[in-house]
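1. sequence unknown, structure follows:
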């Protein structure tokens with residue numbers, strides 16, 4: 001698979017930060033429900049289907065292998081890995097996400113739980129997967145320590161995530177755009193963790209560490225709520241004025257109307273083995 005992924009739409013569920021990134025809150029609506037709708041649309045895109053498949057390949061899934069998907073949302077990856085013959089458990093902090101996942105896949109093993117305290121014995125699992133989760137964690141190293149605990153010798157870990165400081169957004173005002181991106185990144189618990197996956201895995205005692213970067217190029221108006229929230233967060237943080245936020249958002253809306261919208265972001269995919 002190429003390390004460059006292109007998509008025509010935007011790509012630890014239930015968290016406010018993730019809802020801001022991926023969901024559209026409607027007046028009086030539940031942000032998690034809105035997030036589910038957006039994720040459903042994004043997850044169906046061919047490039048993101050391929051990215052998930054790549055993560056399963058890196059896990060070296062074998063029939064009957066026990067695997068956990070941490071931050072599983074409604075359990076799409078759980079169902080797909082089960083389709084490959086693995087015995088998969090999904091864990092997520094969001095009760096609503098888990099409830100929706102159980103509704104969609106009544107036979108799936110989906111549990112409400114914390115990445116720092118997984119419901120498994122030492123060395124119980126052959127695989128550990130976490131996608132777009134670690135930037136939400138105050139202590140990614142602690143979560144990886146928990147991953148190492150639950151993995152058996154030769155067990156595999158795969159992490160997927162974006163670097164919040166390296167978003168590329170086409171704009172007529174690049175300096176303002178840079179300020180907006182960096183201000184939004186500063187509000188994420190660990191916005192740069194994806195670029196540190198290699199170091200974190202090595203520090204946690206994993207070996208055979210590999211890192212890939214797949215660039216998502218998003219051009220569909222579906223990303224407008226993401227961009228509007230990004231500007232709004234920068235405004236609320238005092239990094240830009242309200243007029244700056246409104247003008248920048250209006251420019252992005254016009255770009256969407258004329259087919260000139262572009263948001264590119266790197267998605268880091270790291271894999272390693274537990275000795």
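-> Yep, it's here. Because the structure is a prediction, the values reported are computed rather than measured.
2. when you work out contacts or count neighbours from here on, use the C-alpha atoms and nothing else.
-> Fine.
3. how close does the residue located most distally from the centre of the chain sit to residue 136?
-> For the chain, the residue at maximal distance from the C-alpha centroid (C-alpha atoms, centre = their mean) is residue 243, at 30.7 Å. Noted for residue 243: a distance of 29 Å to residue 136, by C-alpha to C-alpha, to the nearest Å.
4. neighbours around the nearest residue to residue 59 once chain neighbours are set aside, how many?
-> Excluding its sequence neighbours, the residue lying closest to residue 59 (C-alpha to C-alpha, 6 or more residues apart in numbering) is residue 156, at 5.4 Å. Using other C-alpha atoms under 10 Å, residue 156 has 27 neighbouring residues.
5. need the contact list for residue 156.
-> Counting by C-alpha atoms under 8 Å, 6 or more residues apart in numbering, residue 156 touches 58, 59, 60, 126, 127, 128, 271, 272, 273, 274.
6. helices or strands up against the helix or strand where residue 264 lies?
-> Using DSSP states H and E, residue 264 falls within strand 263-273. Applying 3 or more C-alpha pairs under 8 Å, 6 or more residues apart in numbering; DSSP states H and E, one finds that strand 263-273 contacts strand 151-162, strand 168-169, helix 197-203, strand 207-218.
7. could you look up the next helix or strand downstream of the lowest-mean-pLDDT helix or strand in the chain?
-> For the chain, the helix or strand with the lowest mean confidence is helix 16-22, at a mean of 38 (criterion: mean pLDDT, DSSP states H and E). Past helix 16-22, further along toward the C-terminus, the next helix or strand under DSSP H and E is helix 31-43.
8. from the chain's centroid, how far away is that following helix?
-> For helix 31-43, the separation from the chain centroid amounts to 13 Å (computed by C-alpha atoms, centre = their mean, to the nearest Å).
9. what ranges do the helices span in the stretch 101-250 of the chain?
-> 140-150, 174-185, 197-203, 224-236, 242-257 (DSSP state H, counting those that start in this stretch).
10. just send these back as TSV, with distance to residue 264 too.
-> Converted to TSV, these look like this (distance: least, C-alpha to C-alpha, whole Å):
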stretch	distance to residue 264
helix 140-150	25
helix 174-185	12
helix 197-203	20
helix 224-236	12
helix 242-257	14
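11. least reliable of those going by mean pLDDT?
-> Lowest mean pLDDT of those: helix 224-236, a mean of 92.
12. in that helix, what counts as buried?
-> Using 16 or more other C-alpha atoms under 10 Å as the test for burial, helix 224-236 gives 224, 225, 226, 227, 228, 229, 230, 231, 232, 233, 234, 235.
13. return the member of those residues nearest to residue 163.
-> Proximity of the buried residues of helix 224-236 to residue 163 (C-alpha to C-alpha) peaks at residue 230, which lies at 14.4 Å.
14. in this structure the closest one contacts residue 178, no?
-> No: contact criterion C-alpha atoms under 8 Å: residue 230 and residue 178 do not qualify, at 11.4 Å.
15. residue 259: neighbouring residues, count only.
-> Here the number of neighbours of residue 259 (other C-alpha under 10 Å) works out to 12.
16. who's in contact with it?
-> Going by C-alpha under 8 Å, 6+ apart, residue 259 touches 219, 220.
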